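Trainee: The amino acid sequence is not available; the structure is as follows:
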């Protein structure tokens, strides 16, 4: 009887993993820095999909600032992906145990 329950549990876990992977591919987060000077879009697998830079931000004499703004926006997008996935995973583990 335990083997049957374990197989059922494993099947549920596999289905949830497949659903999570599909959702990760569809998830989109947007983050910005510098009051909107740099905007990035990232998917749930943390692939950077786009970067938009306000042309007024590009100053050849201050490349360091632009680099910092890009890093800040990308890091914020990554944090948002982690947060979204954490929320999703919490729901999946409750479904698995319930």
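Mentor: On my side now, so go ahead. Since the structure is predicted, the reported quantities are computational estimates derived from the model, not experimental observations. Numbering: from 1, shown residues only.
Trainee: Give me the average confidence score over the longest helix anywhere in the chain.
Mentor: Secondary structure of the chain per DSSP state H: the longest helix is helix 63-97. This predicted structure assigns helix 63-97 an average pLDDT of 83.
Trainee: elements contacting that helix?
Mentor: For helix 63-97, the contact count by 3 or more C-beta pairs under 8 Å, 6 or more residues apart in numbering; DSSP states H and E identifies helix 2-26, strand 28-33, strand 38-43, strand 48-53 as packing neighbours. Where you see a C-beta, it was placed from the backbone N, CA and C, and this is true even at glycine.
Trainee: try 7 Å
Mentor: helix 2-26, strand 28-33, strand 38-43 (3 or more C-beta pairs under 7 Å, 6 or more residues apart in numbering; DSSP states H and E).
Trainee: Tell me which of those sits most buried.
Mentor: Burial of the helices and strands packed on helix 63-97 is given as mean neighbour count (mean count of other C-beta atoms under 10 Å); strand 38-43 ranks first at a mean of 20.
Trainee: what pairs with it, and is each one parallel or antiparallel?
Mentor: Strand 38-43 pairs in its sheet with strand 28-33 (antiparallel), strand 48-53 (antiparallel), by DSSP bridges.
Trainee: Could you dump the helices and strands packed on helix 63-97 into TSV with distance to residue 83 added?
Mentor: Listed next are these as TSV, based on distance: least, C-beta to C-beta, whole Å:
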stretch	distance to residue 83
helix 2-26	13
strand 28-33	9
strand 38-43	12
